[in-house]
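S.K.: here is a sequence together with a model predicted from it:
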Amino acid sequence: MASRDGRAPAAAAREGAESPTRTAITPQALTLLCALPREAAALCNARLSIGRSQPLADQIAIFVSGPGPDAARDAVTALGRSTDGTPALLGFGVAGALTPDLVAGDVLLASELIDDSCSQVLALDPPPSSFRDRLQDGGLRLRTGTLVSTDTVVSTPQAKNALRERWRAASAVDMESAAYAREAQRLGMPFSTFRVIIDEADMAIPRAAASSLGADGETHLPTLLLRLLRDPAQLPALMRLGRAWRRAQASLHACGRLLSEPGHP
C-alpha cells in the first residue's frame, strides 16, 4: 500500500523518523531481552520467570520481559533504573515469517524496525559484528531484513499477507521489539534485535494453541487438550507448529552456546 504521494509506507514513515547518529553496540554490559521464559530457557538452559535475569557469559546477561509491548516497555524501564551506566540491549526471541524465503530456525538480524501501531520506522544500533560472525560461522542460517512489531498476535497466513502488503519491505513480525526500541532510545540505551523464525509465512497458529496461552505466554496444557478434544481437526496444524518450535528452539540454544563460549566477542 503506497502513501498518498505514491511512496511505499516504510519510505514515507522513514522521512518522519528521527535519524540520530547510531554507533555499533559493544559486547560490554550487554543484556539479551527475551519476552518468554521458554525463549530464555532455550538460550541458557535455565528456567527464568518474568522479571528475572540470568548471566550467560562475562558481561552478558539474559532478562525475561514478559510478552507484549507493555511488558517489553516496562522491562526496559526497570533495567534502566537498576543498572549502573548504560548497558546495551539486544532483543532475542522468536518471530513469525512474512516472506516464504524464511523458514523455522532461521535467525533474522533486523536491519530496520517498523512500529505498525503508529507507522513509524525506529532507529536501531548495529550489533557487534563479531556476534554476527560467530552465529554465521556456527552453522546457523543468518538473514538480514526488516522486522515489524504489532500490538496483537498475527496468527494466520491472511493476516501475514495483509501486513506484508502494508509494509512491503517487512520480512518478519513480533510484538515486543518496537517497545524495547522506543524505551531504550528514551533512556539512551543502545538497542538492536535478532529474531529466530518459528511460524513460516504460510503457517497458521491453531486457535487451540493461541487460546491456551497464559499471561506469561506459556501454554496451559489442560486447556490445550480440552480445545483439541472439542476440535481434533486442529491437530495437524498444532503438530506442524510443534515441529517449527523445536527447530526454533534448537537455533536459540545454538545462539546461547555460541555467545557464551570462552572468548565470546
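M.R.: Structure's in. What do you need? Numbering: from 1, shown residues only.
S.K.: next up, the contacts around the nearest residue to A237 once chain neighbours are set aside.
M.R.: Nearest non-adjacent residue to A237, counting by C-beta to C-beta, 6 or more residues apart in numbering: P206, 4.5 Å away. (C-beta placed from N, C-alpha, C; glycine too.) Residues near P206 by C-beta atoms under 8 Å, 6 or more residues apart in numbering: Q234, A237, L238, L241.
S.K.: these in helices, which ones?
M.R.: A237, L238, L241 (DSSP state H).
S.K.: can you add neighbour count, pLDDT and distance to E261 and give the residues you listed back as JSON lines?
M.R.: Listed next are these as JSON lines, based on neighbours: other C-beta atoms under 10 Å; pLDDT from 0 to 100; distance: C-beta to C-beta, whole Å:
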{"residue": "A237", "neighbour count": "16", "pLDDT": "90", "distance to E261": "37"}
{"residue": "L238", "neighbour count": "19", "pLDDT": "89", "distance to E261": "35"}
{"residue": "L241", "neighbour count": "20", "pLDDT": "91", "distance to E261": "31"}
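S.K.: of those residues, which is the nearest to P67?
M.R.: Within the ones in helices among the contacts of P206, the smallest distance to P67 is 16.5 Å, found for L241 (C-beta to C-beta).
S.K.: the closest one contacts A208, doesn't it?
M.R.: No - in this structure L241 lies outside contact range of A208 using C-beta atoms under 8 Å: 9.9 Å.
S.K.: give me the secondary structure label for M203.
M.R.: coil (DSSP: H, G, I helix; E, B strand; the rest coil).
S.K.: count of neighbours near it?
M.R.: 19 (other C-beta atoms under 10 Å).
S.K.: G256 - nearest residue in space that isn't next to it in sequence?
M.R.: L43 (3.6 Å).
S.K.: returning to that earlier point: quick one, phi psi at the residue nearest to A237?
M.R.: phi -60, psi 150 (degrees, to the nearest 10).
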